[in-house]
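[1] need a structure here:
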Amino acid sequence: VVRNGDNGRELVMARWGMPTPPGYLKGHKVDRGVTNIRNPGSAWWKRWEGLAHRCLVPLTAFSEPERLPDGKSRPVWFARSDGQPLAFLAGIWCRWTSVRKLADGETTDDLDVWMNTPATEALQLQRPLAGGLLVPTEVLNSST
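    Model prediction:
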């Protein structure tokens, strides 16, 4: 995302989603996050409407789910035509930690760990690939 940083605009990797309002989490042990804020007038989102939390999401394509008659859904893709400039969605962002998968426990930003912690902690993010190569896992799966 492109967000306002201390020294102007900055481009950062981010995990898609915002914290789910607590009323929707009653009885749940995980918070996978809200990925599309359809009611920006809700009091829950007011805390993030200031400049510090606004961002632009660059894109060449995105999808929205289409609900089918049988109750299932499928993605419907919207894409820029070849040769058209990059497009942006208006967004908001915040730093948050949640349990997105019960088996994983609390999820934090592995990119921040990789970029900002001592090597002994950062290297714990490495996972073996085929052929014995090591790569930081979140280089492939970004999160915030």
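
[2] show me where this protein has helices.
    Along the chain, the stretches classed as helices by DSSP state H are 110-116, 119-122, 137-140.

[3] and the residue nearest to Arg32 when sequence neighbours are not counted, what pLDDT?
    Of all residues beyond its chain neighbours, the one nearest Arg32 is Arg100 (5.1 Å), with distances taken as CB to CB, 6 or more residues apart in numbering. Bear in mind the C-beta positions are built from the backbone N, C-alpha and C, glycine included. At Arg100 the predicted local distance difference test score is 80.

[4] what of Gly132?
    Here the pLDDT value assigned to Gly132 is 51.

[5] now swap in the one 3 residues further on and tell me
    Val135 carries a pLDDT value of 44.

[6] point out where this structure drops to low pLDDT.
    In the predicted model of the chain, residues 108, 110-112, 115, 126-144 satisfy pLDDT under 70.

[7] can you do 80?
    Where the chain drops to pLDDT under 80, the residues are 104, 107-117, 122-144.

[8] burial count for Pro85?
    Using other CB atoms under 10 Å, the number of residues around Pro85 comes to 7.

[9] which stretches in the protein count as strands?
    In the chain, the segments counted as strands under DSSP state E are 2-5, 8-11, 54-59, 61-67, 73-79, 87-92, 98-101, 105-107, 126-128, 134-136.
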